[in-house]
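Visitor: only the shape, not the letters, is given here:
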């Protein structure tokens, strides 16, 4: 069954002449691990934003669990798909690292003790538990990336869409993240990783999509 | 059309001033027509007019509020002793609505110009550079602020929080909690 389906999807940003995503048709099965690779400006991030419902396609149709994405509200999409943006600063809004991770869990109705345990698990896994009381904006880009990843992973969505997850992080944490993603994959959670980092995704995906000029140039299973 | 910023400022001040001075609905209508014609003549895009549907709700609210507080005129709709609609209320409400539109459209003369041009124009009109520069800096951060706010609201919703369904008190709490980080990041 198709979990996320894109049917002849095109999207052009306002004021631009060439489409960022041009006639893309793809289908992602539930629990599938996919790497989307391509040069800068090839439309990878736009594709992710379209899949998350943050952008509406001008042509074509996107469905999530067989329902058009337009019928979903953002919170409904958020409960199914976890999305980590390329720029983590745009995803931080809480007054402390702990609150950032706890935010979604509290709204999900988790009990206080459970929230504390989950926050501790993720923050200590990425070695940032000591920073729990810091203002997220004061952290380095790499640390911010870790906080956002912890906040999204803690919500345990059905599929994770990670846009350049290793962009700002060091080799040690990169290894840890890879180990965690392998574990997530083993639990049947879908992964869509958008990256330039071929070493990082090696062994993480079962399917590789290569994009150029807004089009899918290769789709290797 | 490339028009000197001082001309833009002058036209904007003229239309806004007239909208505030004149009270009668027929005068305001004439000012609005001239305002739109000038914008068309200057080839300034007036997208705001296409979202007039949203403004219509505001206008209906204004008419009702005016009818409730302006005690003159014949009551057209009553609920007990409270007048929900009077003929004068409709006229006053419509006048405020027209004034509102004129002020927004007057602002379009300036909003469609380059911010650096605006600073130069203000300095040439005699404003001290420091103050003009402050206005420039402030104006430059407005779109960034709204962009950041939009991204953060999306992030909050993508973590499963439906801002439309939660209690108003909680919505305010969410907005208040994100306001300082947004300012900080901008």
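Guide: The structure has been received and is ready for your questions. None of the values given here were measured: they were computed from a predicted structure.
Visitor: list the buried ones in stretch B:91-101?
Guide: Applying a neighbour-count criterion of 16 or more other Cβ atoms under 10 Å in any protein chain shown, one finds B:91-99, B:101 buried in stretch B:91-101. Heads up, the C-betas are built off the backbone N, CA and C, glycines and all.
Visitor: a markdown table for these, including pLDDT and distance to residue B:27?
Guide: Rendered in a markdown table, the data for the buried residues of stretch B:91-101 read as follows (pLDDT from 0 to 100; distance: Cβ to Cβ, whole Å):
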| residue | pLDDT | distance to residue B:27 |
| --- | --- | --- |
| B:91 | 83 | 13 |
| B:92 | 81 | 14 |
| B:93 | 80 | 16 |
| B:94 | 83 | 13 |
| B:95 | 86 | 9 |
| B:96 | 83 | 14 |
| B:97 | 83 | 14 |
| B:98 | 87 | 9 |
| B:99 | 88 | 11 |
| B:101 | 85 | 14 |
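Visitor: out of those, who's nearest chain A?
Guide: Comparing those against chain A with Cβ to the nearest Cβ places residue B:101 closest, at 24.5 Å.
Visitor: measure that closest one to residue B:33 for me?
Guide: Relative to residue B:33, residue B:101 is positioned 11 Å away (Cβ to Cβ, to the nearest Å).
Visitor: mind checking pLDDT for the residue located most distally from the centre of chain B?
Guide: For chain B, the residue at maximal distance from the C-alpha centroid (Cα atoms, centre = their mean) is residue B:80, at 34.5 Å. If you check residue B:80, the pLDDT there is 75.
Visitor: one more: residue A:131?
Guide: Spelled out, the predicted local distance difference test score at residue A:131 is 94.
Visitor: how is the chain partitioned into domains?
Guide: Going with chain A. Following the assignment in automatic domain parsing, chain A carries domains at A:1-32+A:39-45+A:57-70, A:73-195.
Visitor: meant chain B, my bad for not saying
Guide: Structurally, chain B divides into domains by automatic domain parsing as follows: B:1-113, B:129-186.
Visitor: can the first one be found next to chain A?
Guide: No - judged by Cβ under 8 Å from any Cβ of the partner chain, domain B:1-113 makes no contact with chain A; its nearest approach is 11.3 Å.
Visitor: which strands or helices does the longest helix seen in chain A pack on?
Guide: Identified as the longest helix of chain A according to DSSP state H is helix A:171-186. Helix A:171-186 makes packing contacts with helix A:141-153, strand A:190-195, helix A:198-201 when contacts are defined by 3 or more Cβ pairs under 8 Å, 6 or more residues apart in numbering or on different chains; DSSP states H and E.
Visitor: residues making contact with the first one?
Guide: Looking back up the chat, that one is helix A:141-153. Helix A:141-153 is touched from outside by A:82-85, A:88-89, A:91-92, A:97, A:100-101, A:103-104, A:119, A:122-123, A:125-126, A:128, A:131, A:136, A:139, A:160, A:162, A:165, A:167-170, A:173, A:177, A:180, A:184, B:159, with contacts defined as Cβ atoms under 8 Å, 6 or more residues apart in numbering or on different chains.
Visitor: do the same with the shortest one
Guide: The contact list for helix A:198-201 (Cβ under 8 Å, 6+ apart) reads A:35, A:37, A:165-166, A:174, A:177-178, A:193, A:195, A:208.
Visitor: same question, stretch A:169-176
Guide: Counting contacts by Cβ under 8 Å, 6+ apart, the residues touching stretch A:169-176 from outside are A:125-127, A:142, A:145-146, A:166, A:177, A:197, A:200.
Visitor: and those, which are buried?
Guide: When the contacts of stretch A:169-176 are checked for burial by 16+ other Cβ under 10 Å, the buried set is A:125-126, A:142, A:145-146, A:166, A:177, A:197, A:200.
Visitor: stretch A:52-64: which residues count as buried?
Guide: Applying a neighbour-count criterion of 16+ other Cβ under 10 Å, the buried positions in stretch A:52-64 are A:52-55, A:57, A:60, A:62-64.
Visitor: and of the residues you listed, the nearest to residue A:1?
Guide: Nearest to residue A:1 among the buried residues of stretch A:52-64 is residue A:63, at 11.0 Å by Cβ to Cβ.
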